[in-house]
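Engineer: predicted coordinates and the sequence they were generated for:
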Amino acid sequence: MYNYIVIEGNIGAGKTSLATRISAELHASLILEQFEENSFLPKFYEDPARYAFPLELSFLADRYQQLKNQFNKPDLFTQFTIADYFIYKSLIFASKNLEQLEYGLYVKLFNIISSVVPKPDMIVYLYLSLENLKKNISKRGRSYEQNIKFEYLEKIQSGYLDFLRQQNDLRVLIIDANNLDFVERESDYLRTKNLIIKDYPLGINTIVVEKG
């Protein structure tokens, strides 16, 4: 069994729901991103050019502090840790949202911070089509997300996939989850959980889940 698993995915992929459910069932320590507390997020969706840099800096600081607190005080009563984000998502989003000079400064700060944060034993990436992502975003009803464009989702998706394909020293599991509903269907949740807890080699491992 892995000691530290990260569930990743685009906006609306279901990573928080899945990480929360697995944590509860397997008695894992759970790390959830506190994005709803970020006051810059609604402003960013209204005016990306103005608020991208403070948004990305605030997310990086929050993620670092949360992970530092978690791993400096391990829970002796849990078998492993599961999170709904990987700190490298900071770099992925920043690369798509920041201007070149801002991004250069951001990378310097990120490299300092990320060097002291432990890497996960496995990254699980939930891949969904842009159409299914939009459906999930609409269903969960956060007002500031409703105007997210397909172009933005595609930009973030390509950023994730480009990053993951370069990670030869990490264990990455990409699950095509377009035919899964692990929130509403118990059988789909069990299929997804069982895929995640299997042993995989380092590098990219891809699974397409068929209907049924």
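Structural biologist: Cool, got the structure. Residues are numbered from 1 along each chain as shown.
Engineer: where do the helices sit along the protein?
Structural biologist: 15-26, 40-46, 48-72, 89-97, 100-114, 130-140, 150-165, 186-196 (DSSP state H).
Engineer: columns mean neighbour count on top of those helices, output as TSV?
Structural biologist: Quick note: C-beta positions are derived from backbone N, CA and C, even for glycine. Converted to TSV, those look like this (neighbours: other C-beta atoms under 10 Å):
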stretch	mean neighbour count
helix 15-26	18
helix 40-46	16
helix 48-72	17
helix 89-97	20
helix 100-114	14
helix 130-140	16
helix 150-165	16
helix 186-196	15
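Engineer: could you dump the ones you listed to JSON lines with mean pLDDT and distance to N179?
Structural biologist: As requested, those are exported to JSON lines (pLDDT from 0 to 100; distance: least, C-beta to C-beta, whole Å):
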{"stretch": "helix 15-26", "mean pLDDT": "95", "distance to N179": "15"}
{"stretch": "helix 40-46", "mean pLDDT": "92", "distance to N179": "30"}
{"stretch": "helix 48-72", "mean pLDDT": "92", "distance to N179": "31"}
{"stretch": "helix 89-97", "mean pLDDT": "95", "distance to N179": "25"}
{"stretch": "helix 100-114", "mean pLDDT": "95", "distance to N179": "34"}
{"stretch": "helix 130-140", "mean pLDDT": "93", "distance to N179": "10"}
{"stretch": "helix 150-165", "mean pLDDT": "95", "distance to N179": "18"}
{"stretch": "helix 186-196", "mean pLDDT": "95", "distance to N179": "8"}
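Engineer: run through the bridge partners of A83.
Structural biologist: Under DSSP bridges, the beta-bridge partners of A83 are V6, I31.
Engineer: give the contact list for it.
Structural biologist: 4-7, 19, 30-33, 67, 120 (C-beta atoms under 8 Å, 6 or more residues apart in numbering).
Engineer: which one of the residues you listed has the most neighbours?
Structural biologist: When neighbours are taken as other C-beta atoms under 10 Å, the top entry among the contacts of A83 is I7 (29 neighbours).
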